[in-house]
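Q: Turn this into a model:
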Amino acid sequence: MLRGNMSYAPFMGDNKPLSVGLNPLGIRTASEQLFTTLLPGLNVVTLRIRYYSFYCWLLKSFYAKRTEAKKADLQRHIRMSELLMALIHAQSNFSGGVPGITRASEIIGKGEDVIDFNEDAMPKGKPVGGYWKGSYGAFGTYYAASLQEMSIIRPLIDNTNLYNVTSKTEDYISGEDLADAFAESVGTEMGNLFEACAHNGVVTRKQLEEMEPVFQSHNLPENKECTLLLDMLLQNDKPYILKESKLRKDSLRLLLGYLYECPVDNFSELAFAKYVYDKYNKGTEDSLAAVGWYAYYLNDSRQYEALNIFDVLLKRLHESKSPGQWENIEKLTSELAGDVCHNLNADNRTMKNLLSNWESIIEPEEEMTHAFYVILDNYRRNPKYKDCKSVIRQFFRNVSNDALDAFDSIERSVDEMVFDYVKRYLTENIIYNHYSESMRKYSQNGIPTQKLTIENGYVRGIATYSATHSSPRIDTLRNYATDLGLISGNKITSKGEKLLNTLQDD
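A: Presented below is the predicted three-dimensional model:
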């Protein structure tokens, strides 16, 4: 029994509120795998590139004044410094994308001239709670993995709970390079002031104002630190591996090219992916990164339309007049498939017949039918997808169950009736696939995300779900490029154009 958003029966035990979940059909994963490979060292949360050099500076300074390093000491050093950095930003006009900014803004909002932030960073002396749940702060939650992928920090060999910067080398930008460049940017006086305030957990508003110009992480000045951070983005994706990989570099080139050719007031990650998708389809761009973004666009479209189908089905279940709102799966999917075929003018037609006469089909407005239309239209518009698929399987080896596999499924279905294809899709790809995926997640983390339940050939809706697009890290890259002066207000700058010309000539 459901009451509100709580399930009271038939479970025996604690009531658990249903979670919305981000991937109810399990097919967003392919998109995530693609942008993880396309933009190594970046994630969807870290929006300020200067934190890469800031953390390197924190780590180097931590070991510089110690003969013995302890995990608890490093945790305190990181958490106090992170919150101080957030406080510096909270009283400025540039605070977006800064870890801990919510709590820092609350502290600044109190209007105190002397700010004691010990309890906010280390509640009761412990590295848990306060401005951040994780014991290593935002560094441990988000940045550590990215910084390791960039080869600028590594865990210690004799104590993997501790991190330090990588040593200088001629082969790639190291953590020590960035730490020294950050120290040079802020200067000795301000660097010492920051360390003293972080150590004591006390700072005045005047000190925050003094530190703000040199610790600000937005729109970096043209100096060595800025140059090194850009070089870090442009260097080999995995510096410690001799084999060249430039997916991140080419993605930046494509981003700058997009903003040069298509100036926009509001940046859209999906519009960027569509831009690269179109260039690849037209044969004007054939880089490995373009193949990846082409596949990403198709994957996002596939998962978005599948969620639209899921949304309509859940609404139908929610409005059911059947006893207990239990719908017979066979009857339900037959009715919905019939509606889709009617709206597509595909009654008593095979898939081959429908696809062969696709240009005569009018794009439908009804939500579920429109979703099926887009899925089939994507297949029709990409007859050479297998060429892309061979590249994806070779260079993006972790990607599976993606839009290109879905195209194969359509090809295998060309001799069957459209009704049978739609009915099977609703039954297997939507109803049973979601139930299986939600049970898998529940077994892993104990969080219930199911939107429907199944019993003896019947299905009953539990909650509704609105379709959303996936979010690649290209917006993170755009923010980094903005901080580095390559972009301003979603427009490419003269510095950005100069770099674009250089990258195009490579």
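
Q: The residue located most distally from the centre of the chain: what's its closest spatial neighbour, skipping adjacent residues?
A: Residue farthest from the centre of the chain, counting by Cα atoms, centre = their mean, is residue 348 at 42.4 Å. Distances taken as Cβ to Cβ, 6 or more residues apart in numbering place residue 417 nearest to residue 348, at 7.4 Å, with adjacent residues excluded. To be clear about C-beta, it is placed using only N, CA and C from the backbone, and glycine gets the same treatment.

Q: and that neighbour, what does it touch?
A: 348, 349, 350, 351 (Cβ atoms under 8 Å, 6 or more residues apart in numbering).

Q: okay, now the closest residue to the second one other than its chain neighbours: neighbour count?
A: Leaving out its chain neighbours, the residue that sits closest to residue 349 by Cβ to Cβ, 6+ apart is residue 418, at 5.4 Å. Residues contacting residue 418 under the criterion other Cβ atoms under 10 Å number 25.

Q: pLDDT value on the residue lying closest to residue 131 once chain neighbours are set aside, please?
A: Spatially, and ignoring its direct neighbours in sequence, residue 131 is nearest to residue 103 (3.8 Å; Cβ to Cβ, 6+ apart). Predicted confidence (pLDDT) for residue 103: 96.

Q: Please name every helix or strand in contact with the host helix or strand of residue 103.
A: Applying DSSP states H and E as the criterion places residue 103 in helix 101-109. Under the contact criterion of 3 or more Cβ pairs under 8 Å, 6 or more residues apart in numbering; DSSP states H and E, helix 101-109 touches helix 71-90.

Q: now do 10 Å
A: Using 3 or more Cβ pairs under 10 Å, 6 or more residues apart in numbering; DSSP states H and E, the elements in contact with helix 101-109 are helix 71-90, strand 114-116, helix 118-121.

Q: which residues touch it?
A: Contact partners of helix 101-109, identified using Cβ atoms under 10 Å, 6 or more residues apart in numbering, comprise 82-92, 95, 98, 100, 115-117, 120-121, 130-132, 205, 208.

Q: Recalculate using a threshold of 8 Å.
A: In this structure, residues lying in contact with helix 101-109 by Cβ under 8 Å, 6+ apart are 83, 86-87, 89-91, 95, 98, 115, 117, 120, 130-131.

Q: Distance check, residue 334 against residue 318.
A: 19 Å (Cβ to Cβ, to the nearest Å).

Q: Check residue 405 too.
A: For residue 405, the distance to residue 318 equals 31 Å [Cβ to Cβ].

Q: what are the phi and psi values for residue 492?
A: As for residue 492, its main-chain torsions (degrees, to the nearest 10) stand at phi -70, psi 140.

Q: any chance you could map the strands in this structure?
A: 2-3, 6-7, 114-116, 153-155, 163-165, 202-204, 326-328, 452-455, 458-461, 487-488, 491-492 (DSSP state E).

Q: And the pLDDT at the residue nearest to residue 348?
A: 98.

Q: Can you pull out the low-pLDDT segments for the chain?
A: Along the chain, the parts satisfying pLDDT under 70 run over 1-21, 242.

Q: buried residues in stretch 182-195?
A: By 16 or more other Cβ atoms under 10 Å, the buried positions in stretch 182-195 come out as 182, 183, 185, 186, 190, 191, 193, 194, 195.

Q: how far away is the residue nearest to residue 348 from residue 136?
A: Residue 417 sits 57 Å away from residue 136 when distances are taken as Cβ to Cβ.

Q: before we move on, what about residue 206?
A: Noted for residue 206: a distance of 30 Å to residue 136, by Cβ to Cβ.

Q: among the helices and strands packed on helix 101-109, which is the most enclosed?
A: Highest mean neighbour count among the helices and strands packed on helix 101-109 (mean count of other Cβ atoms under 10 Å): helix 71-90, with a mean of 24.

Q: got the angle between it and helix 101-109?
A: Angle of helix 71-90 versus helix 101-109, following axes from the mean of the first three to the mean of the last three Cα atoms, to 10 degrees, is 60 degrees.

Q: Report the distance from helix 71-90 to the chain centre.
A: When distances are taken as Cα atoms, centre = their mean, to the nearest Å, helix 71-90 is centred 25 Å away from the chain's centroid.

Q: cool, stretch 244-263 as well?
A: Relative to its chain's centre, stretch 244-263 lies at 18 Å (Cα atoms, centre = their mean).

Q: Please point out which parts of that stretch sit buried.
A: Residues 245-259 are the ones in stretch 244-263 that count as buried (16+ other Cβ under 10 Å).

Q: Stretch 211-230 too?
A: Using 16+ other Cβ under 10 Å as the test for burial, stretch 211-230 gives 211-212, 214-218, 220, 225-226, 228-230.

Q: Can you pick out the most distant pair from these?
A: Within the buried residues of stretch 211-230, 211 and 230 form the most distant pair, 24.1 Å apart (Cβ to Cβ).

Q: re the thing from before, please narrow the buried residues of stretch 211-230 to those residing in helices.
A: Residues of the buried residues of stretch 211-230 located in helices (DSSP state H): 211, 212, 214, 215, 225, 226, 228, 229, 230.

Q: how many other residues sit next to residue 498?
A: 12.

Q: gap between it and residue 86?
A: Residue 498 is 33 Å from residue 86, where distance means Cβ to Cβ.

Q: ditto for residue 142
A: Counting by Cβ to Cβ, the gap from residue 142 to residue 86 is 14 Å.

Q: anything in contact with each of these two?
A: Residues touching both residue 142 and residue 86 (Cβ under 8 Å, 6+ apart) are residue 99.

Q: Of all the strands of the chain, which one is nearest residue 382?
A: Nearest to residue 382, of the strands of the chain and by Cβ to Cβ, is strand 491-492 at 29.5 Å.

Q: Can you spell out which helices and strands pack onto the closest one?
A: With contacts taken as 3+ Cβ pairs under 8 Å, 6+ apart, strand 491-492 sits against helix 247-261.

Q: which residues touch the nearest residue to residue 332 once chain neighbours are set aside?
A: Spatial nearest neighbour of residue 332, excluding adjacent residues (Cβ to Cβ, 6+ apart): residue 459 at 6.8 Å. Residues in contact with residue 459 (Cβ under 8 Å, 6+ apart) are 317, 326, 327, 329, 332, 431, 452, 453.
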